[in-house]
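In: Got a sequence here, can you model it:
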Amino acid sequence: MSIIPCISWVRRGKSKTKPEKLQIDKDDLKRIIDETQERLEEQEEAEEEAEENESTVTAAAELSQQVPEKVEPSTETEIAADIARQVKQGKKRNKKGQGDEFESRYNMDDYDEDNDDFSNPFKGIGSLAVFASNAEDPLVDVKDEGDSDEEDFIIKDTDNLILVGRADSDYCSMEVHVYNSEQDHFYCHHDFLLSTFPLVLEWMDYDLRDGSTGNFVAIGTMDPTIDIWDLDLIDSLEPLATLGQKPSKKKKKKLDIPSHTDAVLDLSWNPLARHILASASADHTVGLWDLTEGKLALSIKQHTEKVQCVRWHPAEEHMLLSGSFDKTVKMYDCRSPETSNKTWNLGGEIEKLLWNKFSPLNYFASTDTGHVYYMDSRQDKPVYCIAAHTESVTGLCLSSENSRMLVTTSSEGSMKVWDIDNNKPSCVYSHHLKMGQLLCLENCPDAPYVFAMGAEKKFKVWDLRDIKDVFKHFCGSEADYVPDPRAEEEEDPEAAMEIQEMMVNMDTETTQQPPAANGAEGKTKKKKKKKKKKFPNV
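Out: Numbers count the residues shown, from 1 in each chain. Here you go, the predicted structure:
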């Protein structure tokens, strides 16, 4: 089972036309193998230690039942020592007995007597072919190969990239998909294996090596570190850089450098001050990272619970919003965050924050109670509040060009489209996607009606103009609407009936208190995307 916890878009023209393919030398490969082996050993030692502690407690409990109820103090000490000796001897007998039986049964003494030499660390993965292209591989005949793979490998100026964090049962990864709204192309270009569960993806164009522009993504995970990956470098086995430090279970010492101490829940790159990256962490702090030095420049400790989200102001490079499980939103002037800040208390744990780029003094905040608050940064009370969903609002997006259009998703599995014109929000469309809990939502920066949604089971890219009610409300009259003929192939009979029902606008009261939930449920036709051949990883 796959889970899509995070999604991010890359603007057109930000990626290289032909991404580079990594060629690993032996020194780098040996270092990666050694580091991986060290991490595995630490994990195994932690598991063995936990098992030994559990078995020691169990054995001690069993032996202690044989101790007389009334004994002299000196006798208690002797019995305790005797119990410890018996437990230790029992472990040694078990390990020795099991080992002897295993070796004799499978003849392990002669098992490795063959011609394979595993003493060389570059055997195994290091012996695989790592040619940059099939043309360099002497065993591959490229004369009869077509140009379809080469065409798919090229990223055009009209292509957007969709970065998809994925967690499967046995591995985690980040996939880089190509999406072209004009030619209707959508396919996976390449992917990266991740060491742990991804929680947030944040695109940025700052190269940590020299400060130049580029195509990078910062990834926050269950670890207290932030990994920076180069999206134009294919087949990378490790990130370009890692911000912060992960505590070592083996060394058991304090961190050498300033860092988060718990999972990184959200990231926000500052496009006005390109060398600054903000992070929200489960350790109750907001971190400001100086990318020129790759270090934590400032740790803001204003929240009393986990910090769930952070967002830089679209026009003021020093202004930052943060939302927390302590049910508060805080706004800082990062030049003096301890003294220049403001707090709003809302009615639930903060899930998402979003500045209104069309009205920079205002922002949206969603909560785990299903409400969306529209706030004025100069006022203490909400401009209005929408009872948008019955559960957590996990996705909150404005259209990149249409200032009236707001889209929300919820852990209940529903997606809603709102018209927020004149601060009088009304529900235009509501639909349950049947994808399990919806976990993330992002709008394409170059296609204002295209949204990507991640969920428990899969992710979906949807042009909302394919929905008749959305098209009629935001784009034109019903007479101008042209249904997608491919949608008929996947038409759900129940959806065809329900799409005609109760799809009317319902005004939401403008209030400072959470109003009753509004909006009608409905179904829509599914658009079948044209998929090109997936580019194989080399």
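In: Strands of the stretch 401-538 of the chain, residue ranges please.
Out: 405-410, 414-419, 426-432, 438-443, 450-455, 459-463, 506-507 (DSSP state E, counting those that start in this stretch).
In: Check the stretch 201-350 of the chain too.
Out: Going by DSSP E, counting those that start in this stretch, the stretch 201-350 of the chain shows strands at 213-221, 226-230, 233-234, 241-243, 264-269, 276-281, 286-290, 295-300, 307-312, 319-324, 328-333, 341-345, 350-355.
In: Adding mean neighbour count, write those out as CSV.
Out: Backbone N, C-alpha and C define where each C-beta goes, glycine included. Formatted as CSV, the strands of the stretch 201-350 of the chain follow (neighbours: other C-beta atoms under 10 Å):
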stretch, mean neighbour count
strand 213-221, 23
strand 226-230, 23
strand 233-234, 20
strand 241-243, 19
strand 264-269, 24
strand 276-281, 26
strand 286-290, 22
strand 295-300, 17
strand 307-312, 24
strand 319-324, 24
strand 328-333, 20
strand 341-345, 14
strand 350-355, 23
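In: Let me have those in JSON lines, extended by mean pLDDT and distance to Val372.
Out: Listed next are those as JSON lines, based on pLDDT from 0 to 100; distance: least, C-beta to C-beta, whole Å:
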{"stretch": "strand 213-221", "mean pLDDT": "96", "distance to Val372": "24"}
{"stretch": "strand 226-230", "mean pLDDT": "96", "distance to Val372": "28"}
{"stretch": "strand 233-234", "mean pLDDT": "90", "distance to Val372": "39"}
{"stretch": "strand 241-243", "mean pLDDT": "94", "distance to Val372": "32"}
{"stretch": "strand 264-269", "mean pLDDT": "97", "distance to Val372": "18"}
{"stretch": "strand 276-281", "mean pLDDT": "97", "distance to Val372": "19"}
{"stretch": "strand 286-290", "mean pLDDT": "97", "distance to Val372": "22"}
{"stretch": "strand 295-300", "mean pLDDT": "94", "distance to Val372": "25"}
{"stretch": "strand 307-312", "mean pLDDT": "97", "distance to Val372": "14"}
{"stretch": "strand 319-324", "mean pLDDT": "97", "distance to Val372": "13"}
{"stretch": "strand 328-333", "mean pLDDT": "96", "distance to Val372": "13"}
{"stretch": "strand 341-345", "mean pLDDT": "95", "distance to Val372": "14"}
{"stretch": "strand 350-355", "mean pLDDT": "97", "distance to Val372": "9"}
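In: Rebuild those as JSON lines, extending it with distance to Phe471.
Out: Shown next, in JSON lines, are the strands of the stretch 201-350 of the chain (distance: least, C-beta to C-beta, whole Å):
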{"stretch": "strand 213-221", "distance to Phe471": "33"}
{"stretch": "strand 226-230", "distance to Phe471": "37"}
{"stretch": "strand 233-234", "distance to Phe471": "38"}
{"stretch": "strand 241-243", "distance to Phe471": "43"}
{"stretch": "strand 264-269", "distance to Phe471": "32"}
{"stretch": "strand 276-281", "distance to Phe471": "36"}
{"stretch": "strand 286-290", "distance to Phe471": "40"}
{"stretch": "strand 295-300", "distance to Phe471": "44"}
{"stretch": "strand 307-312", "distance to Phe471": "30"}
{"stretch": "strand 319-324", "distance to Phe471": "33"}
{"stretch": "strand 328-333", "distance to Phe471": "34"}
{"stretch": "strand 341-345", "distance to Phe471": "36"}
{"stretch": "strand 350-355", "distance to Phe471": "24"}
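In: do you know how far the residue nearest to His432 when sequence neighbours are not counted is from Gly370?
Out: Setting aside the residues directly before and after it, His432 is nearest to Ser414 in space (C-beta to C-beta, 6 or more residues apart in numbering), at 4.8 Å. For Ser414, the distance to Gly370 equals 10 Å [C-beta to C-beta, to the nearest Å].
In: what is in contact with the two at once?
Out: Residues touching both Ser414 and Gly370 (C-beta atoms under 8 Å, 6 or more residues apart in numbering): His389.
In: separation between Asp179 and Phe474?
Out: One thing to correct before we go on: residue 179 is Tyr, not Asp. For Tyr179, the distance to Phe474 equals 21 Å [C-beta to C-beta].
In: the more surrounded of those two?
Out: Between Tyr179 and Phe474, counted using other C-beta atoms under 10 Å, the more crowded position is Tyr179 (22 against 19).
In: May I ask which helix or strand encompasses that one?
Out: strand 172-180 (DSSP states H and E).
In: The very next helix or strand once past that strand: which residues count as buried?
Out: As assigned by DSSP H and E, the chain's next helix or strand after strand 172-180 is strand 185-194. Residues of strand 185-194 classed as buried by neighbour count (16 or more other C-beta atoms under 10 Å): 185-192, 194.
In: Take the residues you listed and write them to JSON lines, including pLDDT.
Out: Putting those into JSON lines (pLDDT from 0 to 100) gives the following:
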{"residue": "His185", "pLDDT": "87"}
{"residue": "Phe186", "pLDDT": "92"}
{"residue": "Tyr187", "pLDDT": "92"}
{"residue": "Cys188", "pLDDT": "93"}
{"residue": "His189", "pLDDT": "93"}
{"residue": "His190", "pLDDT": "93"}
{"residue": "Asp191", "pLDDT": "93"}
{"residue": "Phe192", "pLDDT": "94"}
{"residue": "Leu194", "pLDDT": "93"}
